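Q: Structure for this input, please:
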Amino acid sequence: MLDKDFVVLDDRFRRYAMGNVHIEKLWTGSRWAEGPAYFAAGKYLIWSDIPNDRLLRYDETDGSVSVFLTPCNNHNGHTVDLEGRLISCEHRGRAVTRIEHDGSRRILADRFEGKKLNSPNDVVVKSDGSIWFTDPTYGIDGEYEGDFAISEIGACNVYRIDPVNGSVSAVITDMVRPNGLAFSPDEKLLYVADTGLTHKADCSPDIRVYPVASDGRSVGAGRRFATCDAGLFDGFRVDIHGNVWSSAADGVQCFAPDGTLIGKISIPEVVANVCFGGRKRNRLYICGTTSLYSVYLNTQGALRPKA
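A: Next up is the predicted model:
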């Protein structure tokens with residue numbers, strides 16, 4: 001029998017939910033938990049506590065939690081690049097940065113066409129080394145998660161950082177507040193959440209999907225992939241089968257590649273982001289407002305295809 005927190009809406013979900021597992025609450029004490037990223041070599045997860053201006057670290061070997069970095073310019077989203085380095089979205093720094101192997105901080109992007117970025121939110125690295133990130137205004141809308149400022153760009157876009165020359169190009173310009181993003185396992189599709197309902201009453205709380213151009217540098221016209229039935233989609237990840245595991249107000253929602261909502265994992269807090277980790281990439285880490293949760297699934301996080 002499945003744990004009560006697994007909600008089956010389509011029989012396809014039964015393949016991924018196992019009857020002998022349950023939701024684990026690993027730690028609590030954040031103000032707004034976000035941006036999980038898993039480091040396989042170190043067997044640990046880092047995540048953001050944005051208002052408290054710190055990164056936290058969960059050690060899988062003993063279950064301990066410690067402060068990884070503070071202050072940190074109100075980090076939000078993270079990912080790990082091809083060389084195992086941490087890529088970060090800084091609200092207060094208004095930049096996408098990288099922590100080098102020696103611990104130093106390097107700015108990868110802080111401007112577009114000479115104007116300051118808004119407040120980079122979430123980020124993903126493609127198999128060719130390019131870095132794709134969203135840039136809404138949440139970090140400059142007030143003083144809680146960054147520093148208040150007026151947008152210099154006057155728009156909220158999705159950008160690509162070229163892996164060769166470091167140039168920044170706008171790849172999606174038709175969203176109100178682009179937020180979480182992820183590629184399909186074959187990198188032929190880019191999924192992006194729009195949380196523009198926070199600023200525009202008629203903005204549908206969707207994940208949109210965009211076909212990636214054959215050269216991997218741009219995308220075509222997007223379409224609606226899924227609409228959230230509980231709050232807003234925020235961060236999400238894709239598994240090896242192409243399912244999208246997304247945050248929502250009622251927990252984690254799982255969408256099949258055809259866009260069907262096939263199941264949910266109930267979490268007692270609003271979920272902001274998720275990340276696959278563990279030795280077999282079958283442990284879903286869940287950032288739920290004040291706490292870090294996890295659950296084992298009968299699937300694995302997608303790996304980047306070989307470039």
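Q: ok now stretch 122-129, how far from the chain's centre?
A: 12 Å (C-alpha atoms, centre = their mean, to the nearest Å).
Q: ugh, wrong one, I meant stretch 278-293
A: Mean C-alpha position of stretch 278-293 versus that of the full chain (C-alpha atoms, centre = their mean) differs by 12 Å.
Q: Next: stretch 202-211.
A: With C-alpha atoms, centre = their mean, you get 15 Å for stretch 202-211.
Q: Give me the contacts around that stretch.
A: 172, 175-177, 180, 188-197, 219-228, 231-233, 236, 244, 246, 255 (C-beta atoms under 8 Å, 6 or more residues apart in numbering). Yep, even glycine has a C-beta here, placed from its N, CA and C like the rest.
Q: Narrow these to those that are buried.
A: Among the contacts of stretch 202-211, those classed as buried by 16 or more other C-beta atoms under 10 Å are 172, 175-177, 180, 189-197, 219, 222, 225-226, 228, 232-233, 236, 244, 246, 255.
Q: what's the spacing between residue 7 and residue 24?
A: Distance, residue 7 to residue 24, using C-beta to C-beta, to the nearest Å: 18 Å.
Q: In strands only, show me the buried ones among the contacts of stretch 202-211.
A: 172, 180, 189-194, 225-226, 236, 244, 246, 255 (DSSP state E).
Q: can you put those in TSV and add pLDDT?
A: As requested, those are exported to TSV (pLDDT from 0 to 100):
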residue	pLDDT
172	98
180	98
189	98
190	98
191	99
192	98
193	98
194	98
225	98
226	98
236	98
244	99
246	98
255	98
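Q: can you pull the pLDDT of the residue lying closest to residue 250 once chain neighbours are set aside?
A: Excluding the flanking residues, the one nearest residue 250 by C-beta to C-beta, 6 or more residues apart in numbering is residue 230, at 4.0 Å. Here, the pLDDT recorded for residue 230 equals 98.
Q: Now do the phi/psi pair for residue 230.
A: phi -150, psi 90 (degrees, to the nearest 10).
Q: Report the contact partners of the residue nearest the centre of the chain.
A: Geometric centre of the chain, nearest residue: residue 235, 3.8 Å, by C-alpha atoms, centre = their mean. Residues counted as contacts of residue 235 (C-beta under 8 Å, 6+ apart) are 34-35, 77, 122, 179-180, 193, 246-247, 272-274, 287.
Q: Look at the residue lying closest to it once chain neighbours are set aside and give its secondary structure.
A: Nearest residue to residue 235 in three dimensions, chain neighbours excluded: residue 273, at 3.0 Å (C-beta to C-beta, 6+ apart). Here residue 273 is strand, with the state taken from DSSP: H, G, I helix; E, B strand; the rest coil.
Q: So residue 273 versus residue 292, what's the distance?
A: 11 Å.
Q: do the same with residue 31
A: 13 Å.
Q: Tell me which of these two has more neighbours.
A: residue 292 (23 against 14; other C-beta atoms under 10 Å).
Q: what's across from that one in the sheet?
A: Under DSSP bridges, the beta-bridge partners of residue 292 are residue 27, residue 287.
Q: List the contacts of it.
A: Taking C-beta under 8 Å, 6+ apart, we find residue 292 in contact with 25-28, 30, 33, 36, 45, 47, 56, 58, 65, 285-286.
Q: Going through those, which ones are buried?
A: Buried, going by 16+ other C-beta under 10 Å: 27, 30, 33, 36, 45, 47, 56, 58, 65, 285-286, out of the contacts of residue 292.
Q: What's the local residue count around residue 145?
A: Residue 145: 21 neighbours (other C-beta under 10 Å).
Q: Pretty sure residue 159 sits against residue 169.
A: Yes. Contact criterion C-beta atoms under 8 Å: residue 159 and residue 169 qualify, at 6.6 Å.
Q: Between those two, which is the more surrounded one?
A: Neighbour totals were compared for residue 159 and residue 169, and residue 159 leads with 22 against 14 (other C-beta under 10 Å).
Q: Just say helix, strand or coil for the more buried one.
A: Secondary structure assignment for residue 159 (three-state DSSP): strand.
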